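A.B. asks: Here is the input, now give the coordinates:
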Amino acid sequence: MISTMQAIISTYTKRFQVREPYFKEFPPEDLSLVVVIPAYKEPNIDITLNSLGKCRSTSGSVEVICVVNAPLDASEAVLKINQECIRQIQEWKTQHPEHFIQVKVIREEALPKKKAGAGLARKIGMDEALCRWGLLGKNGPILCLDADCEVSEQYLAAAEKAFQDPSLDLGHFMFEHRYKNEPKPALASGIIQYELHLRCYIQGLKRAGYPFAIHTVGSCMAVRAATYARSGGMNSRRAGEDFYFMHKLLPVVKFSYLDATVFPSSRASDRVPFGTGRAQLDFLGGDSMAKESYHPDIYACLKELFTQIPLIYEQEPDKWQLPVPLKEVLAIVEFQERVQQLKRESTTKASFLKKFWQWFDGFLVLKLTHHLRDRFFPNLPVSRSAQQILASDSPDLQDPEPANLLAFFRKRDAFYSSMG
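C.D. replies: The predicted model follows:
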């Protein structure tokens, strides 16, 4: 396996912009997991490290790579917070010298201004994790976490157990925002509605029949090292890197939810252009869209398409009876032309469907969703959207309280994840 992993890594480093390894020392022979934590302007990384430290032990050792980062023009205030982050990491290491978790630090505080962000920081850490596995010649898992998260006690053990299946390439932990622990009522209300929106979208797409309706929270991802390299590694987007990374892989690899939970922060943040922190900031600022979700009629419309995809290889989609909004949005993405092109490039139905879903990925589905929203089905308050999504199979659930609806959606997500 050593020569195979070295060849995979060599190909990856030649094709993509990869830095020289930061750590030259050989990893522990019993290494079982590598966790990557980007940290930019993070004043309380000790909470995350303490949470990891309370996890049930694994059969092997664990390395945690913290990527403390900042753009080239970072202010003194940001660098001061980063220095406090470094201090907390070093203190944790001093207090836990014999722990099965070994924490390592990469410090990159002069990143190009145009590229500095979550994607590049995550890529730096994941590239280093790949090198760590390469030194051992093992195709081990790389876990992504954030420096404002806590995890359940089975977090590490669950990942180790899941990736003992050699066919598993990609995983995603359960997630819950601990809104009951949020002292600010406005932030608690905001995160309930934001998480409910995320779950409405995934549940809506499931009901529509989209086969890759999977959560894509960056702090919950896990990927096998060789799969990471073969896919071209993490992108350098300033935000949304998790969404693009997972949807690039989902149509072509084996995926599973992992039986543990990540608890992301509920805080507001201006560090990224969109995502949880930005949504909370918008909520506090009174942005009405921060309290809304997509109209369920969008999912009903998409269902008209997804239910016919199994027939697409034998039938011409221009003969299908589709709703006018759907016909309009498919014309925009040149659906008919692209299907014909993919058919010409495929020798079997299986190869065609594989190529089709790689094209009709999560980003394109989101693009169509936004077009349908803007042209035909305006957003609804998130609680109304949630109630209407549930009405088809849970007509008795009329509770308008967002927190109660969120609890129900969490149970639904847990049910679907247990089914594989």
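A.B. asks: So, low pLDDT: which residues of the stretch 201-350 of the chain?
C.D. replies: Applying pLDDT under 70 to the stretch 201-350 of the chain flags residues 267-290.
A.B. asks: Which stretches in it count as strands?
C.D. replies: 221-224, 255-263, 292-293 (DSSP state E, counting those that start in this stretch).
A.B. asks: Run me through the strand neighbours of the first one, direction for each.
C.D. replies: The one in question is strand 221-224. Note on strand 221-224: by DSSP bridges, its sheet partners are strand 141-144 (antiparallel), strand 170-175 (antiparallel).
A.B. asks: returning to what we had before: which among the strands of the stretch 201-350 of the chain is found nearest to Thr347?
C.D. replies: Closest of these to Thr347 is strand 255-263, at 25.9 Å (criterion: Cβ to Cβ). (C-beta placed from N, C-alpha, C; glycine too.)
A.B. asks: Kindly compare burial across the strands paired with strand 221-224 and name the winner.
C.D. replies: strand 141-144 (a mean of 27; mean count of other Cβ atoms under 10 Å).
A.B. asks: model confidence over it, on average?
C.D. replies: Average pLDDT, strand 141-144: 98.
A.B. asks: How far off centre is that strand?
C.D. replies: 12 Å (Cα atoms, centre = their mean, to the nearest Å).
A.B. asks: After that strand, heading C-terminal, what element do we hit next?
C.D. replies: Counting by DSSP states H and E, the next helix or strand C-terminal to strand 141-144 is strand 150-151.
A.B. asks: Next SSE downstream of that next one?
C.D. replies: From strand 150-151 onward toward the C-terminus, using DSSP H and E, the following helix or strand is helix 155-162.
A.B. asks: how about low-confidence regions in the stretch 1-150 of the chain?
C.D. replies: 1-2.
A.B. asks: The same query, at a cut-off of 80, please.
C.D. replies: 1-3 (pLDDT under 80).
A.B. asks: And the strands in it, which stretches?
C.D. replies: Going by DSSP E, counting those that start in this stretch, the stretch 1-150 of the chain shows strands at 31-39, 61-71, 101-111, 141-144, 150-151.
A.B. asks: Figure out which of the strands of the stretch 201-350 of the chain is closest to Tyr416.
C.D. replies: Closest to Tyr416 of the strands of the stretch 201-350 of the chain is strand 255-263 (Cβ to Cβ; 8.3 Å).
A.B. asks: Now do that closest one: everything it contacts.
C.D. replies: With contact meaning Cβ atoms under 8 Å, 6 or more residues apart in numbering, strand 255-263 is reached by 145, 149-152, 154-155, 157-159, 161-162, 165, 168-178, 214, 217, 219-220, 222, 249, 417-418, 420.
A.B. asks: In PyMOL, how would I select just the buried ones from these?
C.D. replies: Entered in PyMOL, the line below selects the buried ones among the contacts of strand 255-263, by 16 or more other Cβ atoms under 10 Å:
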select buried, resi 145+149+150+151+152+155+157+158+159+162+168+169+170+171+172+173+174+175+177+214+217+219+220+222+249+417
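A.B. asks: re the thing from before, Ser265: which of the strands of the stretch 1-150 of the chain is closest?
C.D. replies: Each of those was scored for nearness to Ser265 using Cβ to Cβ, and the closest is strand 150-151 (8.7 Å).
A.B. asks: contact partners of that closest one?
C.D. replies: By Cβ under 8 Å, 6+ apart, strand 150-151 touches Ile47, Thr48, Ser51, Leu52, Cys55, Leu145, Phe173, Arg178, Ala260, Thr261, Val262, Phe263.
A.B. asks: One more pass at 6 Å, please.
C.D. replies: The contact list for strand 150-151 (Cβ atoms under 6 Å, 6 or more residues apart in numbering) reads Ser51, Val262, Phe263.
A.B. asks: cool, stretch 15-30 as well?
C.D. replies: Against stretch 15-30 from outside (Cβ under 6 Å, 6+ apart): Gly60, Ser61, Ile106, Asp127, Glu128, Cys131, Arg132, Leu135, Leu136, Gly233.
A.B. asks: For the fourth one, which non-adjacent residue is spatially closest?
C.D. replies: Excluding its sequence neighbours, the residue lying closest to Asp127 (Cβ to Cβ, 6 or more residues apart in numbering) is Val18, at 5.3 Å.
A.B. asks: So what's the residue count around Ala331?
C.D. replies: 11 (other Cβ atoms under 10 Å).
A.B. asks: Which one of the contacts of strand 150-151 is nearest to Ile191?
C.D. replies: Using Cβ to Cβ, the contacts of strand 150-151 come closest to Ile191 at Phe263, 11.2 Å.
A.B. asks: Tell me how far that closest one lies from Ala239.
C.D. replies: Distance from Phe263 to Ala239, counting by Cβ to Cβ, to the nearest Å: 20 Å.
A.B. asks: Between these two, which is the more surrounded one?
C.D. replies: Between Phe263 and Ala239, counted using other Cβ under 10 Å, Phe263 has the larger neighbour count: 20 against 17.
A.B. asks: Scan this protein for its longest helix.
C.D. replies: Taking DSSP state H as the criterion, the chain has its longest helix at helix 185-208.
A.B. asks: got the buried residues for that one?
C.D. replies: Of the residues in helix 185-208, 187-208 count as buried by neighbour count, 16+ other Cβ under 10 Å.
A.B. asks: Format the strands paired with strand 221-224 as a markdown table; extra columns: distance to Phe26.
C.D. replies: Compiled in a markdown table, those are given as follows (distance: least, Cβ to Cβ, whole Å):
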| stretch | distance to Phe26 |
| --- | --- |
| strand 141-144 | 18 |
| strand 170-175 | 26 |
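A.B. asks: mind listing what the nearest residue to Arg107 once chain neighbours are set aside touches?
C.D. replies: Distances taken as Cβ to Cβ, 6+ apart place Val68 nearest to Arg107, at 5.1 Å, with adjacent residues excluded. By Cβ under 6 Å, 6+ apart, the contact set of Val68 is Ala39, Asn82, Cys85, Ile86, Arg107.
A.B. asks: bridging residues for Val68?
C.D. replies: Going by DSSP bridges, Val68 forms beta bridges with Ala39, Arg107.
A.B. asks: separation between it and Glu25?
C.D. replies: 19 Å.
A.B. asks: Quickly note the distance from Glu328 to Gly204.
C.D. replies: Taking Cβ to Cβ, one finds Glu328 at 20 Å from Gly204.
A.B. asks: I'd say Leu33 and Ser61 touch.
C.D. replies: No. The pair Leu33 and Ser61 fails to qualify as a contact (Cβ atoms under 6 Å) at a distance of 8.4 Å.
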